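>>> how does the following fold in three dimensions:
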Amino acid sequence: MEQLMVLGTGNAQALDCYNTCFALKEGNEYFLVDTGGGNGILRQLNRQNISLHQIHHIFITHEHTDHILGIPWVIRFIGSLMNQNKYEGNLYIYCHSDLVDTIKIITELIVQKKFCKLDERMFLVPLQDGDTKEILGNEVTFFDIKSTKAKQYGFTLLQPNGERIVFTGDEPYRDAIREHVEGCTWLLHEAFCLYSQREIFKPYEKFHSTVKDACQLAEELKLPNLLLWHTEDKNILQRKTLYTEEGKQYYHGNLFIPDDGEIINLINQ
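Below you'll find the model as predicted:
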């Protein structure tokens, strides 16, 4: 993958930034990961100049509203393109096996049948822990992150050059997934808030981590690149500065605190 297009960086309650989701670019195609909490996904894609024509692979991590409720909008608009013969090929939506019926029910309830091409040219691909798929020329292995709230999958993406991108979803790292994270080139990890503001935002009560926690993990595992998101938005104007200042106390690799709309080059960092 050449670039990571940051579509959203906020947690479920964020108002001043979009819910965390992103797209990985390979050539002229994109692998979309999560879709946020509504039709804002269409605006975010448009702002990044990503056309729905360029998306044929989508991964939905879990059932929470801030990750899944954009998918009916994407399906509806791609369905419209299909009806106009303006969309080439099929759409593949990957998710853990328990999520297939949820996506299907939500979509069929609210998207007009003429736009809903599920099982025709739109295919829900059920995943089991450890399943590997080839997506845009990259080997993607999906894994259960061992969530305590709702079943959730992350992934490790092996690039042709041997480098690995690992996305651990929106909960803290657990030792049970160490084999997937250890030795990766990029770790995409949640950080609900600053450790210094843990009494304000209560991350641990919500089963989330802080900037300090994520950075200590990346330092311990000697990972070269760490990207933090899925944050609170009360510090949105100063978030990059504040999070970087705290993170650099515990982690000495390349630390990224992106804003919505940022583009991260994944090659030669």
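>>> go through the chain and flag its longest helix.
Longest helix in the chain, counting residues (DSSP state H): helix 71-83.
>>> mind listing what's buried along it?
Neighbour-count burial for helix 71-83, counted by 16 or more other Cβ atoms under 10 Å, picks out 71-79, 81-82. Every residue, glycine included, has its C-beta placed from N, CA and C.
>>> mind listing the helices for the stretch 151-269 of the chain?
178-181, 198-201, 211-220, 239-247 (DSSP state H, counting those that start in this stretch).
>>> now do the strands in the stretch 51-200 of the chain.
Listed in chain order, the strands found in the stretch 51-200 of the chain under DSSP state E, counting those that start in this stretch are 55-59, 91-96, 122-127, 132-135, 138-144, 153-158, 164-167, 186-190.
>>> which helices and strands sit right next to the second one?
Secondary-structure packing of strand 91-96 (3 or more Cβ pairs under 8 Å, 6 or more residues apart in numbering; DSSP states H and E): strand 55-59, helix 71-83, strand 122-127, strand 138-144.
>>> can we see that at 10 Å?
If contacts are counted by 3 or more Cβ pairs under 10 Å, 6 or more residues apart in numbering; DSSP states H and E, strand 91-96 sits against strand 29-33, strand 55-59, helix 71-83, helix 100-110, strand 122-127, strand 132-135, strand 138-144, strand 153-158.
>>> relative to strand 55-59, how tilted is the fifth one?
Using axes from the mean of the first three to the mean of the last three Cα atoms, to 10 degrees, the interaxial angle of strand 122-127 with respect to strand 55-59 works out to 30 degrees.
>>> and the angle for strand 122-127 with helix 71-83?
140 degrees.
>>> show me what strand 122-127 is packed against.
Contact partners of strand 122-127 among helices and strands, from 3+ Cβ pairs under 10 Å, 6+ apart: strand 55-59, helix 71-83, strand 91-96, helix 100-110, strand 138-144.
>>> average pLDDT across the first one?
This predicted structure assigns strand 55-59 an average pLDDT of 98.
>>> over to the last one?
Model confidence over strand 138-144 averages 98 on the pLDDT scale.
>>> same check on the third one?
Confidence over strand 91-96 (mean pLDDT, whole number) is 98.
>>> so where does the closest residue to Ser51 other than its chain neighbours fall, helix or strand?
Using Cβ to Cβ, 6 or more residues apart in numbering and skipping residues adjacent in sequence, the residue nearest Ser51 is Leu45, 7.8 Å away. Assigned by DSSP states H and E, Leu45 belongs to helix 40-47.
>>> that helix: which residues count as buried?
By 16+ other Cβ under 10 Å, the buried positions in helix 40-47 come out as 40-42, 44-45.
>>> coming back round to it: can you list the helices and strands packed on strand 91-96 in JSON lines and add distance to Leu242?
Shown next, in JSON lines, are the helices and strands packed on strand 91-96 (distance: least, Cβ to Cβ, whole Å):
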{"stretch": "strand 29-33", "distance to Leu242": "26"}
{"stretch": "strand 55-59", "distance to Leu242": "30"}
{"stretch": "helix 71-83", "distance to Leu242": "32"}
{"stretch": "helix 100-110", "distance to Leu242": "36"}
{"stretch": "strand 122-127", "distance to Leu242": "36"}
{"stretch": "strand 132-135", "distance to Leu242": "35"}
{"stretch": "strand 138-144", "distance to Leu242": "31"}
{"stretch": "strand 153-158", "distance to Leu242": "26"}
